[in-house]
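S.K.: Need a 3D model of the following:
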Amino acid sequence: MANTNTDAGWWKSKRNPPLYRKIVRTSYYIEMPDGVKIAADLYLPKYLKKNDKLSTIFHQTRYYRRYKIRWPFSLFLDRPKKVSAHRIIYNFVRNGYAYVNVDIRGTGASFGSRAREWSKVELDDASRIVDWIIEKPWSDGTVGVMGKSYSGTSAEMLISQKNPAVKAAVLMYCQFDVYTDILYPGGVKNDSFLIKWSYFNKFRDINKLPPSIPKIQRLFINMIYNGVAPVDSNRKTKKLLSKAIKEHENNYQIYESTKNIKFRDDTSANNFTFDDISPHSKLKKINKASIPIYSWSGWYDGAYAFSAIKRFLNINSPGSKLIIGPWDHSNSQSTNPSYNGSESSNFDITGEILKFFNHHLHGEKTDVTIEAPIHYYTIGENKWKAANNWPIKENRNIPFYFRINKLIIEDSYSKLDGSDKFKFDYKASSGIATRWYAQINADNRLIRYFPNQNDEDYYLTYVSAPFESAFELTGHPVVTLYLKSNQPDIQLFIYITDLDIYGNIDYVTEGFFRTCHYKLQDDDSSYIQPVPTHSFKREDAVMLKENVITKITFDLQPISYLFKRGNSLKVSIAGADKDNFEILPTPPPEIELFHGPDNPSAIIFPGRFILK
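M.R.: Model prediction:
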């Protein structure tokens, strides 16, 4: 079946009436073999009949399974039906599922401490909690796992444990390869994220608000919330919670532990590499588990759209699906630049997940059996589309060649070689409302434009002629640059924007690369990728040679975007993004970018021209 357009409301499948009206929550400590107690909330239908058997949705988090809400706010903020954070749980349980939500070891109200993220003992805990679930009299013996961000990776790591009770998974907004997908995209250190994520986790783990939060905001938060919710099935809840939090003081700090890591194969102060805590390193075990996985992300979700794509391409389980929407790190709002209140911001998350779980856990005949496995949203065209394959087979790779201040599609503008000299400025920044900041603050409205594009002093820019017909870009842009540099190791930041006839711009996508990684892999990488690949290992690092033209090839973040007829495509190249990524400890480099028949610097865009 060919890739096709699909109806805007394809996800609005008919739901069956809820099986139950009300739900009830209880909480427990589940003791692990080493004596560490894990805090868990269990949600069940309130009037569950004696012989009713339920599948279970299992979720584990390091960001508090639930907040303790002060009275009188608890009267309305602690009601699952009314609070968005709990509404998905409410809807699952009403539709015939148990829901178990736990604080991962060393976090929240759980005991223990943490030597690293996604450690072996953390994975073992998860599998043992699944065993605890299926022993309960209300359990039908089947479990679906799900999670977003950290909890999504936790769910994927649990799959690698091959617990036979786990039958399906929904993994949302989460990494597949820790090094390239979040911490070092293109080999460039995501310094701002690492610092902020480590900082906030440090205080969260000891149940305190960070001092950096403004005083008025702190007062407001403390008026409503009282930290993590204790396990409320025990009379000694306060003492137990205090003891648990005391144990968290021994947690390692990820930024301090990993600050000397530069390459994929570098080891942290706690004696682990990023691959040790990465789902892709457990791909064989995940595939042996052979359960259907729904990979879910947004085009502006850091590098996680590519994470979802890589997961889908490498997971061979029948029934697996991929969805990428007009979202950042949350699908509660659209980040579409042309968003006008359309259905894209009201996506029925629960309905789509229920459709998937109902089929794979309950055996219901749902639309997942007849739908294409891939759905993606084209920004600008504002359409959902369906596909059976990735990359999209109907697209062709269209090269846009660099010329002085211009991009040309056909290499006929000049047959002569030329070059552009430019000195990078480390003041360049894409601002703070970026796809990367969204992973720290998912409720922050993302970029609708690239904020510093008008400051041309920071960017080497190239602009195409106005398009004579609409151009749809869907896939992974790949850039090849022939350049010289007066520094042996530099970083390249490339931004793609949409320029209309009035000079207004909309952000499209971006990509980064540290040039010491420019050596392409000759052999197969550890997983399938539809782009040129680099090892990012220390042993493969190669420095640029002075006065020698070097060919640098790398991919930008994938996107589906429609450039309207009359608009132009703009490429901006910088040497830094000071508010988001680490700056190298060398002076700003001077580069010379070569172009022409002998040095065909270009960006290849997968797409097609449309007569509209």
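S.K.: in the sheet, who's paired with the residue lying closest to P399 once chain neighbours are set aside?
M.R.: Leaving aside its chain neighbours, P399 sits nearest to A602 (4.5 Å; criterion: C-beta to C-beta, 6 or more residues apart in numbering). The C-beta positions use only the backbone N, C-alpha and C, and glycine is treated the same way. Taking DSSP bridges as the rule, A602 bridges to Y401, T480.
S.K.: per-residue confidence for A602?
M.R.: As predicted, A602 sits at a pLDDT of 96.
S.K.: Could you tell me which residues make contact with it?
M.R.: Applying C-beta atoms under 8 Å, 6 or more residues apart in numbering, we find A602 in contact with 399-402, 479-480.
S.K.: need those in CSV with distance to K383, can you?
M.R.: Formatted as CSV, the contacts of A602 follow (distance: C-beta to C-beta, whole Å):
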residue, distance to K383
P399, 26
F400, 24
Y401, 30
F402, 31
V479, 27
T480, 31
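S.K.: now, which of those residues sits nearest D125?
M.R.: V479 (43.1 Å; C-beta to C-beta).
S.K.: Not counting sequence-adjacent ones, nearest residue to the closest one?
M.R.: Distances taken as C-beta to C-beta, 6+ apart place I603 nearest to V479, at 4.6 Å, with adjacent residues excluded.
S.K.: again with H280
M.R.: Among residues not flanking H280 along the chain, D177 sits closest, at 4.6 Å (C-beta to C-beta, 6+ apart).
S.K.: List of residues touching the strand or helix carrying L313?
M.R.: Using DSSP states H and E, L313 falls within helix 304-314. Identification of contacts with helix 304-314 by C-beta under 8 Å, 6+ apart yields 156, 171, 173-177, 181-182, 279-280, 283, 287, 293, 295-299, 320-324, 329, 373-374, 390, 439, 476, 527-530, 557-559.
S.K.: what ranges of the stretch 501-612 of the chain fall below the confidence cut-off?
M.R.: Low-confidence segments of the stretch 501-612 of the chain (pLDDT under 70): 524, 612.
S.K.: same thing but 90
M.R.: Low-confidence segments of the stretch 501-612 of the chain, defined by pLDDT under 90, span residues 503-505, 522-526, 546-547, 596-597, 611-612.
S.K.: What's the separation between the closest residue to T461 other than its chain neighbours and P477?
M.R.: Spatial nearest neighbour of T461, excluding adjacent residues (C-beta to C-beta, 6+ apart): S572 at 5.0 Å. Distance, S572 to P477, using C-beta to C-beta, to the nearest Å: 13 Å.
S.K.: Which one's more surrounded, the two?
M.R.: P477 (26 against 23; other C-beta atoms under 10 Å).
S.K.: pLDDT at the more buried one, what is it?
M.R.: 98.
S.K.: which residues sit in contact with it?
M.R.: 496, 509, 511, 555-556, 558-559, 603-606.
S.K.: do the same with T515
M.R.: 485, 489-492, 544, 550, 552.
S.K.: among the residues you listed, which are in strands?
M.R.: Per DSSP state E, strands hold the following members of the contacts of T515: 485, 491-492, 550, 552.
S.K.: Domain-wise, how is this protein divided?
M.R.: The chain breaks down into these domains under automatic domain parsing: 23-172+207-248, 396-610.
S.K.: Near the residue nearest to I104 when sequence neighbours are not counted, how many residues? Count them for me, please.
M.R.: Sequence neighbours aside, R62 is the residue nearest to I104 in space, at 4.8 Å (criterion: C-beta to C-beta, 6+ apart). Neighbours of R62 under the rule other C-beta under 10 Å: 23.
S.K.: Using the three-state scheme, assign the residue nearest to T461.
M.R.: Here S572 is strand, with the state taken from DSSP: H, G, I helix; E, B strand; the rest coil.
S.K.: What's opposite it in the beta bridge?
M.R.: On the basis of DSSP bridges, S572 is bridged to T461, Y495.
S.K.: Show the low-confidence segments of the stretch 201-350 of the chain, by residue range.
M.R.: By pLDDT under 90, the weakly predicted segments of the stretch 201-350 of the chain are 232-239, 254, 259-260, 269-270, 327-350.
S.K.: Please, where are all the strands along it?
M.R.: If DSSP state E, counting those that start in this stretch is used as the criterion, the strands of the stretch 201-350 of the chain fall at 225-228, 293-298, 321-325.
S.K.: could you dump the ones you listed to a markdown table with distance to N251?
M.R.: Shown next, in a markdown table, are these (distance: least, C-beta to C-beta, whole Å):
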| stretch | distance to N251 |
| --- | --- |
| strand 225-228 | 14 |
| strand 293-298 | 28 |
| strand 321-325 | 34 |
